[in-house]
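S.K.: Sequence plus the predicted model coming up.
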Amino acid sequence: MVRFVLQRLALTLVVLIGLSMLTFFVARIIPADPILLAAGPRASEAQIQLLRERYGYDRPLVEQYVRYMGDLLRGDLGTSVVLKRDVGPDLARYFPATLELVLAALLIGVLLGVPLGLVAAVYRDRLPDQISRVFSLGMVSIPNFWLAIVLQLILAFTLTILPFTGRFDRLLHPPPTLTGMYTVDALLTLNFEAFGTALRYMIAPAFCLSLGALATIARTVRADLLDVLGTDYIRTARAVGIPTSVLILKYALKNASLNTLTQVGLFFGYTLTGSVLVENIFSWPGIGNYAVSAALTKDFVPLMGVTLLTGFAIVLVNIVTDFFYLVLDPRIKYTS
Amino acid sequence: MRLRSLSLLVMVVLMAVLSVSAVGAQDAERPVVMYSLVELYTIDPAVGFDQAIGSTLKQVYDSLFRYVGNPPTVQPWLADSYTVSDDGKTYTVALRQDAVFQDGSPVNADAVVYSAERLLRVGQGAAGLFTGVLSPGGTTAVDANTVQFVLNQPYGPFLDILTWLFIVNPAVVEANKGDDDGVTYLTNASAGSGPYMISNWLPGESYEFTANPGYWRGWPNENYATKVTRVVTRESSTRRLGIESGEADFVDWMSVDDAVALDGVNGIMGAPGPTLTVYDVKMNTVDGPTADVNLRHAIAYATDYDAMLAIWGGRGSRLAGPLPPSLSGDAQPMYNRDLDKAREALAASAYPDGTALEYVYVTGLEDERRTGLVLQDSLKEIGIDVTITAVGWADAVATFADPTTAPDLFPLYSGTAFADPDNYLWASFHSSLAGNWTNPGHYGNPAVDALLEQARATVDAATRADLYNQAVAAILADSPNLFLATTPEDHIVGPRITNYAAVYSPVMGSMEDFYFFAVGG
Amino acid sequence: MTIQTSFPRSGSPPPPPAGNKSLRLALYRLRQSPLSVIGLVMVVFILFAGVIGPELVPFPEDATGNTRMEARLTAPNETYVLGTDDVGRDVFSRTVIATRTSLVISLVVLAIAMLIGIPLGAISGFFGGWVDEVIMRITDIFLTVPALLLAMAMAAALGSGMVNAMVAIALVWWPGYARLTRGQVLSLREREFIEATRALGGGRWHTIFRHILPNILSAVIVKASMDIGFAILVAAGLGYIGVGVQAPTPEWGVMISEGRGLLRQAWWASIVPGVAMFTTVLGFNLLGDGLRDILDPKTRR
C-alpha cells in the first residue's frame, strides 16, 4: 500500500509538471503584451523596457519557465502584471470561497441525489423511476449559467427572497477568517447570524453548481441499489420475510455509499471547473471569477496560478478518493 | 434531530433577515456607499491614473489646483496665488500656509518639489501629462511656501495638468521607500493631506475612507459624508439593485437603458449634463481601404447617425466634430446621412464596388457592440461589408502600434483628464501619438500638427481658440473619425446625496468628489 | 478532469460488439422506452429546425447584420412573436437560426475529438508498454486541466471566433475518447477472435483497423450521442464569456449574454434562447440515454 501511495504521488508529480508546462506555453503564445497594458497609455519606451525587465519578460521563454518553476517551489506564484499584486495571497483569499461553494454544491448533490436514486430504485420502471430519470437528465441538460440567470430573475428580482450577487452582506463584516469559508467560520465562532447571512448568499449559486453531481449521484445510487437488490443474499433475506425497506436502508445503501463517494470525488473536479461561469454570474469572489478577469485582460500569471491550483486540488482529491476506496473496500487490491 | 436542525436553520435565516434590515437604521454617522464597477489597483498618485483612482486620490491627497463645477473651472486648492512669466515658461505658485498633512506636518514647497520629482521619476500614470512640458529639475522651492515651475516650452493648459500633481508627504514616503520609490507602500496607504483617511482596504472588494473632521480646509457642508465605502460590484444588475434598494447611494457605469428606467424613481437621478465625453469611431488612415480619404467620406455619409443616437435612448447628442459641445460652441455636424453623397464618394475612391472592413471593439462594452451592429447595417447600403470582432482591451492596444495590424474601425470613448481642447486634439490627432490608444488610426497631418503645436505654446486665449478652430476644420476635411455622440454621464445618485447636481464636475476623476457631497436622511 | 458525460451504471465492463442482426431487437427496445422515443422526436424536430428552419423564419435578415433601432426591446407581439433584442432584431428568428450554429459546432468538436482520441486510445491499448504509459500520462495531464479554463486561455490566445472555439473545446475533449477506446481495446485484445486474427498472421495495424475499431463503434456512438448536448453547453459557455462565436451570427450563449444586462426591461432576449438550448440538450440526452440501454445489454435488466 505504501508502494501504491508512492507510485501515485510520483505520477501526480509528472502530471503536475506537464500541466504547468502546458499552461505556461499556452499562456505565453498570447499575442497581446501584458506589459503594454500595465505600463498605461502614456508610458514611454524606456518605462516599458524597465517594466519588462522587472517582470522578467525580456528573457527567453524557457528561462522564464524555469524561473517560474523555481519560484513556485519556494511558494512564490509570481506577480500579476495587471493587478500589480502577488498571485499567492490572492489565491489564498479567493480559493476558500470557491472551495466553500464547491463543497456546498456537492453536499446538495448528495442530499438530493441519494433520495432521488433511492426512490427510483424502489419504484424501478414505474412512474417515480421515469420521473427521476427525466429529472436527472433535465438537470444535466440545463446550462448552469442560464439557470443562474433565471434564478436571479425569480428569487432576487421578482420575489426578492435571496440576495442577487455577492458572498456576504456588503455592509457587514464577514466572520473572522479561520478557514476562509464563511459558513464554517461562522459556525466555529458560534455566530449564527453570520451563518444565516452567508447561507442566504450561497444557496442559489451552490444549487446551480450541484446539478451535475446531483443527477449523477441519483443515477449511481439507483444502479447500485438495483445491483445489490439483485444479489443472492438479498433475495434470500427477502424470501425469509425481511421487509424491503429494512434491506435497503441497512444493506443496500451501505454498499451504494462507496460508489457515491467515488462519484463525489470525481465530481469535485468537474464542479470546481464548472464554478467559473456560476461565480461570474453571482459575482462570487472565488478563483473562477479571478480567472475570467485574468483571461479577459491577458494576465497570464494569475491564470497559471488558478490552473495549477485547480489541477493540484483535483489530483489531491483523486488520491484521497482512491485512498478511501482502498480503506473502505477490502476487496480491492492495488498492485503495480 | 432533523426537526431541530431545521428549526435552527429557520431561526438562523430569520435572524439574518432581521439583522440585515436593522443595518439601515444605523447611527448618527453619515456614511455613503458607492457600488463601483472598477477596482482601485493602487492609489499611488505617481502610478494610478483613471476615473476611479483620480477621484480617490482627491479624497486622500490635495493638489495645487482643483477642478470644480460644470463647466469645470480650475480653482486654487493648496495654492494661494500664482504668477506666470511673460514668456509663459515660468510659473511661480505661492502655497497656503494653513495646509497640513494627515500627520500634522505642514505642506510646504519642499513637499511639492519632492512630489513633482517623484512623479516624473516613477514615470507612470499622470506623468504622461507632463511629458515634454516639465522635466526633472524643473521644479524648485523659492522659499518655504513658494514653488517655481520652469517649463521646457510655453504650455497653455499648465494649471489644468497641475490638478493631477498630488502632493505626498516626503517624510512618510522616505520612511517607506523600499527599493521602488515607495510605490509598493503607497499602493494602499496614503501619505497625503486630503479630507479622508483610509480605514479599510480589501483589494478587489471594498475600500473604506473615514472623514478627517479637522481637515485643514474645512468642509463645504455641515452634513458632509463621514464615511465613504467603495464596494467593487462588477455586475451592473447588482449595482442597479443596490441603488434601487437604497443599499448604495451612488453607482457608476450604469447603462443608458438602466438610467432611463431608474431616473426619477424614489428620488434616484442621473448625473446632470452636459458631459465632456466624446464617442467616436476611429478609422485607420494609413493602412487598408480606410486609408483612402474618399472611402472615409463615403463611410461618414453612409452612417445612420439617428440609429446611433438611439443607442443612448435620446440622452446622447450628436457631435459636431472632435470636441464636446461645451468646447465646440454652436458648430453644426459636417456629415449627415446622405446615401447619394456616400455613393458619389465611394465611386471616387479606389473601391467603387465596395469592400470589406473590420470593426474591432472591446469585449463587454455593450454600447460599442451596438455601434458595430448599426454600422454594419448602415454600410451594407453602399456595398461595404463590416465584420465585428470583440477583443480584450490589452489585445486591442497591442494591435495599435503598427498600422498594418491596427483595426480598420475602432470605437473609442474619450473622457478628459483636463478640460481643454489640447487634451482631445493633441492626444487624438497629433502625429506624435499615432499608434497610441488615443490615436489608433495613426492619423497625422503636418498642417494639423503645426496648428496644434502653435496653439499649445500660445498663452493668449483668443489666439488659441482661433488656432483650434483651424485645426478642427482641417481634421473634419480629412474625416479620420466618425464623430458620433457626446454620451450621458454613467453615474446614478440615490436620494441621500442631496447636492450632486450642484457639485457635479465632468472632468475625469471629479465625478466622484465625495468631499463636496451633502448627505441627507 | 474531463466533463463527465455519461451516467455510470453498475460496474462497467464494456459492452460486447453489437451485431447488425440486433437492429430489429433495437427497434423493439426503442418502442419499449417512451422517453427515448420522446428524445428521438425532439432530436428530429431540432435537426429539422437546424436544417430548414433558417429558410422559414419571418426575419432571416436579422441573422446577417440587419438592425432595427426604432424597434429595440419590443415586447412579444404579432410581428415579433418572441420580442426583439437590444438592436431590434427578432428573437424568434435568431433563436431558430442559432440551432444550426450550435449543431455545427458540436458535431465538428466531436469529430475532432474522435479523430485525436480514438486512434491514440487504440494505439495505447493495443501496444501497451511505454507507448501506453506515455499516451496515458498525456491524457492524464489534459484530464487534470480545468476544461473551461484551458478553452478560455486557448480562445484568448488564438483570438475569439467560431473556429478557434471549436478547436479549443476539442482539445480538452479528446481524452474522454482516448480512455474509452483504450479500455475497449484492452478488453478486446485478449478475446478469441483477435487472438485468432493474430495467430493467422494479421499485422498489428491490420488488426487495429479491421477488427478492433469496428468493434468499439457502439460504445463510441453511445458516448457521442450523450456528448453532443454537452458540447453545445460548453460552446455556449464560451460564447457567454465572449470568446466564442462573433456577431452578428446568432448563437445561444452569445444571445443569453447580450440579453442578460436587459433582463428587467426585456426578459425574452435571454430567456428564449436558454429554453431553446435546454430543449435541444435534453433531447439529445434522452435519446443518448435510450441508445445506451439499447446498445449496451448490460444495463438491461
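M.R.: Structure's in. What do you need? Fair warning: this is a prediction, and the values are worked out from it, not measured in the lab.
S.K.: can you list the residues of the stretch 151-300 of chain B near chain A?
M.R.: Residues of the stretch 151-300 of chain B lying near chain A by CB under 8 Å from any CB of the partner chain: B:187, B:203-206, B:229, B:231, B:233-235, B:237-238, B:241-242, B:247. To be clear about C-beta, it is placed using only N, CA and C from the backbone, and glycine gets the same treatment.
S.K.: So what's the residue count around whichever residue of the stretch 101-250 of chain A sits closest to chain B?
M.R.: Taking CB to the nearest CB, chain B has its nearest neighbour within the stretch 101-250 of chain A at A:G196, 3.1 Å off. For A:G196, the neighbour count with other CB atoms under 10 Å in any protein chain shown is 24.
S.K.: helix, strand or coil for it?
M.R.: Following DSSP: H, G, I helix; E, B strand; the rest coil, the label given to A:G196 is helix.
S.K.: Local confidence estimate at it?
M.R.: According to the prediction, A:G196 has pLDDT 90.
S.K.: if we can go back for a sec, among the residues of the stretch 151-300 of chain B next to chain A, who's most crowded?
M.R.: Using other CB under 10 Å as the neighbour test, these are led by B:T233, with 29 neighbours.
S.K.: Where does chain B get nearest to chain A, residue-wise?
M.R.: Closest to chain A within chain B is B:G128: 2.3 Å, counting by CB to the nearest CB.
S.K.: show me the contacts for the nearest residue to A:T165 once chain neighbours are set aside.
M.R.: In this structure, A:T165 finds its nearest non-sequential neighbour in A:S283, 3.9 Å apart by CB to CB, 6 or more residues apart in numbering or on different chains. Going by CB atoms under 8 Å, 6 or more residues apart in numbering or on different chains, A:S283 touches A:T165, A:G166, A:N289, B:T233, B:R234, B:E235, B:T238.
S.K.: and the fifth one, what is it in contact with?
M.R.: So that's B:R234. Per CB under 8 Å, 6+ apart, neighbours of B:R234: A:S283, B:L37.
S.K.: Next, it: secondary structure please.
M.R.: The three-state assignment at B:R234 reads coil, by three-state DSSP.
S.K.: measure it to B:G364 for me?
M.R.: The spacing between B:R234 and B:G364, counted by CB to CB, to the nearest Å, is 10 Å.
S.K.: is it true that A:T262 touches A:V320?
M.R.: No: under the criterion of CB atoms under 8 Å, A:T262 makes no contact with A:V320, lying 11.2 Å away.
S.K.: Out of the two, name the residue with the larger neighbour count.
M.R.: With neighbours defined as other CB under 10 Å, A:T262 and A:V320 compare such that A:T262 has more, 18 against 12.
S.K.: Can you get me a residue count around B:V391?
M.R.: 24.
S.K.: you'd agree it is up against B:G364?
M.R.: No: taking contact to mean CB under 8 Å, the distance of 10.7 Å between B:V391 and B:G364 leaves them out of contact.
S.K.: Would you quantify the distance from C:W267 to C:T144?
M.R.: C:W267 is 39 Å from C:T144, by CB to CB.
S.K.: Those two: who's more crowded?
M.R.: With neighbours defined as other CB under 10 Å, C:W267 and C:T144 compare such that C:T144 has more, 26 against 17.
S.K.: Not counting its neighbours along the chain, what's nearest that one?
M.R.: Computed as CB to CB, 6+ apart, the closest residue to C:T144 that is not its neighbour in sequence is A:G311, at 4.4 Å.
S.K.: Just the pLDDT for that neighbour.
M.R.: The model's pLDDT for A:G311 equals 84.
S.K.: looking at this, it is in a helix?
M.R.: Yes: assigned with three-state DSSP, A:G311 falls within a helix.
S.K.: quick one, what contacts it?
M.R.: Contacts of A:G311 by CB under 8 Å, 6+ apart are A:V15, A:L16, A:L19, C:T144, C:V145, C:P146.
S.K.: got a winner among those residues for most neighbours?
M.R.: Most crowded among the contacts of A:G311, counting by other CB under 10 Å, is C:P146 at 30 neighbours.
S.K.: Pull out the buried residues from the host helix or strand of C:V275.
M.R.: Counting by DSSP states H and E, the element that carries C:V275 is helix C:268-295. For helix C:268-295, a neighbour-count test (16 or more other CB atoms under 10 Å in any protein chain shown) marks C:268-274, C:276-278, C:280-295 as buried.
S.K.: Kindly provide the distance from the residue most central in space within chain C to A:I319.
M.R.: Nearest residue to the geometric centre of chain C (CA atoms, centre = their mean): C:I228, 1.9 Å. From C:I228 across to A:I319, the span is 33 Å (CB to CB).
S.K.: For chain A, which residues score under the pLDDT cut-off?
M.R.: Chain A contains residues with pLDDT under 70 at A:1, A:27-47, A:170-171, A:328-336.
S.K.: just the helices in it please.
M.R.: In chain A, the helices defined using DSSP state H lie at A:2-28, A:34-39, A:45-54, A:61-73, A:87-122, A:127-141, A:144-151, A:182-188, A:192-229, A:232-239, A:244-247, A:253-281, A:287-296, A:300-328.
S.K.: Toward the C-terminus, what is the element adjacent to the helix or strand containing B:A473?
M.R.: Assigned by DSSP H and E, B:A473 belongs to helix B:461-478. Remark: after helix B:461-478, the chain's next helix or strand is strand B:481-486, criterion DSSP H and E.
S.K.: That next one to helix B:461-478, inter-axis angle?
M.R.: Strand B:481-486 runs at 120 degrees relative to helix B:461-478, counting by axes from the mean of the first three to the mean of the last three CA atoms, to 10 degrees.
S.K.: restrict the buried residues of helix C:268-295 to those near chain A?
M.R.: Near chain A, judged by CB under 8 Å from any CB, the entries from the buried residues of helix C:268-295 are C:S270, C:I271, C:G274, C:M277, C:F278, C:V281, C:L282, C:N285, C:L286, C:D289.
S.K.: What residues does the first one make contact with?
M.R.: If you count contacts by CB under 8 Å, 6+ apart, C:S270 has them with A:W146, A:I149, C:M255, C:I256, C:S257, C:E258, C:G259, C:R260, C:L262, C:L263.
S.K.: again, 10 Å this time
M.R.: Residues in contact with C:S270 (CB atoms under 10 Å, 6 or more residues apart in numbering or on different chains) are A:146, A:149-150, A:153, C:85, C:91, C:252, C:255-263.
S.K.: Please identify which of those residues is nearest to A:R52.
M.R.: Distances from the contacts of C:S270 to A:R52 were compared by CB to CB; the smallest belongs to C:S257, at 34.7 Å.
S.K.: do the host helix or strand of the closest one and chain A meet?
M.R.: Per DSSP H and E, C:S257 falls inside helix C:252-260. Yes: using CB under 10 Å from any CB of the partner chain, we find that helix C:252-260 touches chain A at C:W252, C:G253, C:I256, C:S257, C:G259, C:R260.
S.K.: Lowest pLDDT pick from the residues you listed?
M.R.: Among the residues of helix C:252-260 next to chain A, C:R260 carries the lowest pLDDT, at 86.
S.K.: I'd say it and A:Q152 touch.
M.R.: Yes: judged on CB atoms under 10 Å, C:R260 makes contact with A:Q152 at a distance of 9.2 Å.
S.K.: between those two, what contacts are shared?
M.R.: Common neighbours of C:R260 and A:Q152, using CB under 10 Å, 6+ apart, are A:I281, B:E235, B:S237.
S.K.: Give me the subset of the residues of the stretch 151-300 of chain B next to chain A that lies in strands.
M.R.: Members of these lying in strands (criterion: DSSP state E): B:S206, B:T229, B:V231.
S.K.: CA-only coordinates of stretch B:65-81 in CSV, if you can.
M.R.: Output in CSV follows, covering the C-alpha atoms of stretch B:65-81 (Å, rounded to 0.1, in the frame of the first residue of the first chain):
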residue,chain,number,x,y,z
PHE,B,65,-5.2,73.3,-8.2
ARG,B,66,-8.5,71.5,-8.5
TYR,B,67,-11.4,71.3,-11.0
VAL,B,68,-14.7,72.5,-9.6
GLY,B,69,-18.2,72.7,-11.1
ASN,B,70,-19.7,72.4,-14.6
PRO,B,71,-18.4,73.7,-16.9
PRO,B,72,-15.3,72.9,-14.9
THR,B,73,-13.0,75.7,-13.7
VAL,B,74,-9.6,75.5,-12.2
GLN,B,75,-9.6,76.7,-8.6
PRO,B,76,-6.6,77.2,-6.4
TRP,B,77,-6.5,74.5,-3.7
LEU,B,78,-3.2,74.1,-1.9
ALA,B,79,-2.1,77.1,-3.9
ASP,B,80,-2.9,80.6,-2.7
SER,B,81,-1.9,82.6,-5.8
